[in-house]
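Asker: what's the 3D shape of this:
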Amino acid sequence: MRNMNDLVRQAGVMQHKIAKLQQELGERTVEASSGGGMVRVIATCKQDIKEIIIDPKALEGGDVEMLQDLVLTAVNESIRVGRAAMEREISAITGGIKLPGII
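Answerer: Numbering: from 1, shown residues only. Predicted structure coming up:
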């Protein structure tokens, strides 16, 4: 029965570490850009977009579709980078075990 108690204790410790990490990742930001830096997106690792920065030069050509593509590309990249950081950090805690509902 001692092994079961140890297992339950370890699961509780892991759960606490994951909860703390998720809170920290909600505040940690990542940045992605597109168009050679003409569009930059800052997002949290929990995929909340915090800021979109558009260089005024991106507006000079008047090509709205290109600007839309640049914004979309930068947003998607920031989400990908943030998700990868979150998965990496949580994997370090769980020893690579994928837990449903965590990521």
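
Asker: mind listing the strands for this structure?
Answerer: Counting by DSSP state E, the chain has strands at residues 29-34, 39-44, 49-54.

Asker: buried ones in the first one?
Answerer: Along strand 29-34, these residues count as buried under the neighbour rule (16 or more other Cβ atoms under 10 Å): Val30, Glu31, Ala32, Ser33, Ser34. In short, each C-beta sits where N, CA and C put it, glycine included.

Asker: state the pLDDT value of the first one.
Answerer: Which is Val30. Looking at Val30, its pLDDT stands at 95.

Asker: just want the most central residue of this protein.
Answerer: Nearest residue to the geometric centre of the chain (Cα atoms, centre = their mean): Gly82, 1.9 Å.

Asker: name the nearest residue to that one, sequence neighbours excluded.
Answerer: Using Cβ to Cβ, 6 or more residues apart in numbering and skipping residues adjacent in sequence, the residue nearest Gly82 is Cys45, 4.2 Å away.

Asker: thinking the one you found is in contact with Ile90, fair?
Answerer: No - the criterion here is Cβ atoms under 8 Å, and Cys45 misses it with Ile90 at 10.3 Å.

Asker: any figure for the gap between the residue lying closest to Ala43 once chain neighbours are set aside and Arg28?
Answerer: Excluding the flanking residues, the one nearest Ala43 by Cβ to Cβ, 6+ apart is Ser78, at 4.1 Å. Ser78 sits 12 Å away from Arg28, going by Cβ to Cβ, to the nearest Å.

Asker: looking at those two, which is more packed in?
Answerer: Ser78 (27 against 15; other Cβ atoms under 10 Å).
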